[in-house]
Every structure is written in structure tokens, then in C-alpha cells.
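>>> here is my input; please provide its structure:
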Amino acid sequence: MSEHLTVVAHPLVQHKLSHMREKETPTPLFRQLLREISQLLAYEVTRDMPLTSRAIETPLCRMDAPVLDGPEPVLISILRAGNGLLDGILELIPMARVGFVGLYRDEETLQPVQYYFKVPPDLADRIVFVVDPMLATGNSSAATVDLLKQAGARSIRFLCLLAAPEGVERMRSAHPDVPIVTAALDEKLNEKGFIVPGLGDAGDRMFGTR
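Model prediction:
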């Protein structure tokens, strides 16, 4: 595993991902599995969050106990499919601030087109976790990080369900300072820019729109 890319090979992650890949998996189960995997991936992507200590009283004695330090982190969902990961992570980090970046991929050029951007203030002082199930061409992900850096973000992590080598390389080239955590690094992109073997369009499968 490189410093830039971490593939979470935990058996539970891989087992749930295999069920998500199956084309017959129904929408409700797909959503549930995505939420469960997001929490397992969040364990890895939040590994270096800073801690401090504060005095507490246990039933037996007083102690200095570790607690999260610094301003609340920020979760940024790349619409629309990012919301499937967002919901699960928010259950683990309910104090997190939340922002949204709306991008769609032009099917001819495969380039991202922005239609929405709303993020919390003071990004420079917060750890920012960007979530999107698929890192395919990497164009939308790189564009999102561009926007966040322009808004002041300095500490950014990217979390996805699946990544293609092309997307990883695009992100490494554009933003070598942004580590990527994923459940799987797949084989390639096809001629339409979909990850192979992949699992199809995550947004369509999550929302039942196809």
C-alpha cells in the first residue's frame, strides 16, 4: 500500500462489497451494505484524527481520558451518490459539519460540470473528509478537491468504495497531498468511463433510478 492509497482488505469489507457487486442485489440491501461499509472505511480514514485528554469520573476513580481534539471535522458529499457513504459516517461522527458538492459527468467529454457548492466555514482549521462511492476517471474528485482548497481547506482525505487505477493516478497527479482510502482497487475503466469489474452506477443502484 502506498502512502497515497490505502485499500481496506478487512474480511467484512470485502464480503459486503461482493454482495454489492452482484447485479441482482436489490436497492434496499444495496443501501444498507453501503452504509455498513462506510462505517468500516471510516475507521481507517479517521485513524489520524487528533486526540487530547480531559478529566472524567469513572464508577471507580478519576482519570484523564482521551477525547477528540480540535474543531469538528467536515464531511463533504459529492452528490448524489456520496450521500450513501455520508449517512453511515455521520452515525459515527454525529458532531461533524456537512457540505455538498454537486457535479455531474458530461457523457461525451467525461469532464465534471458543477451545479452546486455549499460547505461549512473555516475549512482551514478542520479535517475535511470527501466521500464518493466511485473514483473512476478522477476528474470529479480532483475538481471537488480544487474547489475545497479554493475555499481554504488544507487537510483533506478522500474516501471511496471503489477506485480505478486511472482515477488514483489522476488524483495523485492533481493532489498528491490527499490520501485515498478505498475498499478495492479494480482493474480498469471501460470505454464509457465505468469501473470494471465495478458494480455499475452507484447512484442509480442506491436510489433505484435505473
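>>> my guess is residue 158 contacts residue 138. True?
No. Under the criterion of Cβ atoms under 8 Å, residue 158 makes no contact with residue 138, lying 9.8 Å away. Yep, even glycine has a C-beta here, placed from its N, CA and C like the rest.
>>> those two: which is more packed in?
residue 158 (30 against 26; other Cβ atoms under 10 Å).
>>> what's opposite the more buried one in the beta bridge?
On the basis of DSSP bridges, residue 158 is bridged to residue 130, residue 180.
>>> spit out the residues that contact residue 158 and residue 138 alike.
Counting by Cβ atoms under 8 Å, 6 or more residues apart in numbering, the shared contacts of residue 158 and residue 138 are residue 171.
>>> for this protein, which segments count as strands?
Assigned by DSSP state E, the chain shows strands spanning 5-7, 51-57, 62-68, 74-79, 97-105, 112-118, 127-131, 134-135, 155-163, 180-185, 188-189, 195-196.
>>> for the fourth one, packing partners?
Same thing as strand 74-79. Under the contact definition 3 or more Cβ pairs under 8 Å, 6 or more residues apart in numbering; DSSP states H and E, strand 74-79 sits against helix 82-92, strand 97-105, strand 127-131, helix 139-150.
>>> now the strands of the chain as TSV including mean pLDDT and distance to residue 31?
Below are these laid out as TSV (pLDDT from 0 to 100; distance: least, Cβ to Cβ, whole Å):
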stretch	mean pLDDT	distance to residue 31
strand 5-7	96	23
strand 51-57	96	32
strand 62-68	96	28
strand 74-79	95	15
strand 97-105	90	18
strand 112-118	90	22
strand 127-131	97	15
strand 134-135	94	16
strand 155-163	96	13
strand 180-185	97	16
strand 188-189	95	25
strand 195-196	96	19
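>>> tell me which of the ones you listed sits nearest to residue 16.
Among these, the nearest to residue 16 by Cβ to Cβ is strand 180-185 (8.4 Å).
>>> and the angle for that closest one with strand 155-163?
Here the directions of strand 180-185 and strand 155-163 differ by 10 degrees (axes from the mean of the first three to the mean of the last three Cα atoms, to 10 degrees).
>>> go through the strands of the chain and pick out the most buried.
Greatest average neighbour count among the strands of the chain goes to strand 134-135 (a mean of 28), per mean count of other Cβ atoms under 10 Å.
>>> list the helices and strands it packs on?
Counting by 3+ Cβ pairs under 8 Å, 6+ apart, strand 134-135 packs on strand 155-163, helix 165-174.
>>> if we can go back for a sec, what's the closest of the helices and strands packed on strand 74-79 to residue 116?
strand 97-105 (2.9 Å).
>>> would you give the sheet partners of the closest one, along with the direction of each?
strand 74-79 (parallel), strand 112-118 (antiparallel).
>>> what's the angle from the last one to helix 139-150?
If I follow you right, that is strand 112-118. Using the same axes, to 10 degrees: strand 112-118 against helix 139-150 is 40 degrees.
>>> CA atoms only for strand 112-118 - export them in CSV, please.
Output of strand 112-118 as CSV, limited to C-alpha atoms (Å, rounded to 0.1, in the frame of the first residue of the first chain):
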residue,chain,number,x,y,z
PRO,A,112,-17.2,17.3,-14.5
VAL,A,113,-19.8,20.0,-14.7
GLN,A,114,-20.5,21.9,-11.4
TYR,A,115,-24.1,22.8,-10.4
TYR,A,116,-23.9,23.1,-6.6
PHE,A,117,-21.4,24.0,-3.9
LYS,A,118,-22.3,24.6,-0.2
